[in-house]
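Return a 3D structure for these sequence lines:
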Amino acid sequence: MAIILSLLTALLFGTGDFFGGMATKRIRVAQVLLCAHIVGGIGIFAISLAIADQFRLEDLGWGAIAGASGIIGLGLLYRGLARGPMGVVGALTAITSAAVPALWGTFVDGDELAGLAWIGVLVALVAIGLVSWSPDDSDTPVTTRTIVESLIAGAGFGFMFILLDHSDPASAPWPIAGARMLTAPVLLFGFLVRRKQIWPRDPIALRWVFGVALADTISNALFLYATERGSLTVVAVLSSLYPVATVILARTVLHEKLTRLQLGGFVLAMGATAMIAAG
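Numbers count the residues shown, from 1 in each chain. This next block holds a predicted model:
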């Protein structure tokens with residue numbers, strides 16, 4: 001069950017990224033993040049009231065810290081993608097976001113996996129990098145700053161997974177509500193200080209934003225339920241296969257071409273999932 005929930009998490013993570021990409025074609029990235037976090041925060045708060053078995057301030061706090069880690073990662077990722085090269089930034093961030101919780105689960109939490117499952121984890125990390133690698137014709141140099149910021153961005157996402165895993169499963173999805181209760185006001189404060197428009201006037205962009213909010217919020221909640229049923233190492237690595245969903249949607253909706261590396265990544269991703277399931 002943990003594997004299925006992890007793959008659903010990856011599917012929704014990737015779908016949310018695609019929706020976000022479509023929205024940023026029409027409005028600013030910061031506006032997408034703010035509106036998605038406000039809408040998602042309201043939704044997950046209502047859902048938490050209805051389905052959570054318990055409420056603990058401690059778990060709300062874990063979620064808030066996780067949200068802070070995630071927003072730092074997101075900010076560095078978007079800055080890195082804007083500066084380029086996008087292929088290097090995307091691949092390094094995605095691999096690190098999977099490797100950090102996997103290492104934590106192994107050496108801190110003591111996750112024990114069979115040999116075949118470990119091979120699957122390693123293959124999955126390679127697959128994540130290949131699928132995330134996007135063509136870049138800009139001849140932008142790979143600087144030390146690019147590498148360091150990409151690694152920090154990935155670590156931000158990775159520690160978000162770790163922090164969410166520290167919450168009590170019975171309180172899910174309150175930790176996600178806690179994350180949004182921190183990130184939404186922080187983003188809103190930035191907009192108010194700079195006197196920027198909050199809600200987009202473009203109805204098409206607004207629909208994409210609602211899609212981002214729905215996909216991102218549900219995927220985070222599914223991650224919590226997945227870690228309740230499986231090890232952090234496996235759940236984090238499989239959830240980090242989200243670039244597969246993003247690339248498939250780009251191919252299906254936007255008719256973007258797939259590179260040989262990405263196709264190879266798809267094959268490895270399927271093989272890795274099979275090995276982890278068998279192990």
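
So which elements touch whichever strand or helix holds Ala91?
Using DSSP states H and E, Ala91 sits in helix 86-107. Identification of packing neighbours for helix 86-107 by 3 or more CB pairs under 8 Å, 6 or more residues apart in numbering; DSSP states H and E yields helix 57-83, helix 115-132, helix 144-165, helix 232-239, helix 242-253. Just so you know, the C-beta spots here come from the backbone N, C-alpha and C atoms, and that holds for glycine as well.

and of those helices, who's closest to Leu11?
helix 242-253 (4.9 Å; CB to CB).

Alpha carbons only: can I get the helix holding Ala91 in CSV?
Taking Å, rounded to 0.1, in the frame of the first residue of the first chain, the C-alpha atoms of helix 86-107 are listed here in CSV:
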residue,chain,number,x,y,z
MET,A,86,17.8,24.2,-16.4
GLY,A,87,18.8,20.6,-17.0
VAL,A,88,21.5,20.7,-14.3
VAL,A,89,19.4,22.6,-11.8
GLY,A,90,16.4,20.3,-12.2
ALA,A,91,18.3,17.1,-12.1
LEU,A,92,20.5,18.0,-9.1
THR,A,93,17.5,19.3,-7.1
ALA,A,94,15.4,16.2,-7.9
ILE,A,95,18.1,13.7,-7.0
THR,A,96,19.0,15.5,-3.8
SER,A,97,15.4,15.7,-2.7
ALA,A,98,15.2,11.9,-2.9
ALA,A,99,18.7,11.2,-1.6
VAL,A,100,18.5,13.3,1.6
PRO,A,101,15.5,11.5,3.2
ALA,A,102,16.8,8.2,1.9
LEU,A,103,20.0,8.7,3.7
TRP,A,104,18.2,9.9,6.8
GLY,A,105,15.9,6.9,6.8
THR,A,106,18.8,4.6,6.5
PHE,A,107,21.3,6.0,9.0
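
Give me the angle between it and helix 115-132.
In terms of direction (axes from the mean of the first three to the mean of the last three CA atoms, to 10 degrees), helix 86-107 departs from helix 115-132 by 160 degrees.

circling back: now tabulate the helices and strands packed on helix 86-107 in TSV and tack on mean pLDDT and distance to Ile176.
Putting the helices and strands packed on helix 86-107 into TSV (pLDDT from 0 to 100; distance: least, CB to CB, whole Å) gives the following:
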stretch	mean pLDDT	distance to Ile176
helix 57-83	88	6
helix 115-132	92	23
helix 144-165	93	8
helix 232-239	93	14
helix 242-253	89	17
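
deepest of those helices, which one?
Per residue and on average, the most neighbours among the helices and strands packed on helix 86-107 fall to helix 232-239, with a mean of 27 (mean count of other CB atoms under 10 Å).

Would you mind putting the CA coordinates of that one into PDB?
Output of helix 232-239 as PDB, limited to C-alpha atoms (Å, rounded to 0.1, in the frame of the first residue of the first chain):
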ATOM      1  CA  LEU A 232      10.800   6.900   4.700                       C
ATOM      2  CA  THR A 233      13.500   5.700   2.400                       C
ATOM      3  CA  VAL A 234      11.200   4.000   0.000                       C
ATOM      4  CA  VAL A 235       8.400   6.500   0.200                       C
ATOM      5  CA  ALA A 236      10.700   9.500  -0.400                       C
ATOM      6  CA  VAL A 237      12.500   8.000  -3.300                       C
ATOM      7  CA  LEU A 238       9.300   6.800  -5.100                       C
ATOM      8  CA  SER A 239       7.600  10.100  -4.400                       C
END
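
Turn the helices and strands packed on helix 86-107 into TSV, including distance to Ala23.
Output for these, formatted as TSV (distance: least, CB to CB, whole Å):
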stretch	distance to Ala23
helix 57-83	13
helix 115-132	20
helix 144-165	20
helix 232-239	22
helix 242-253	13
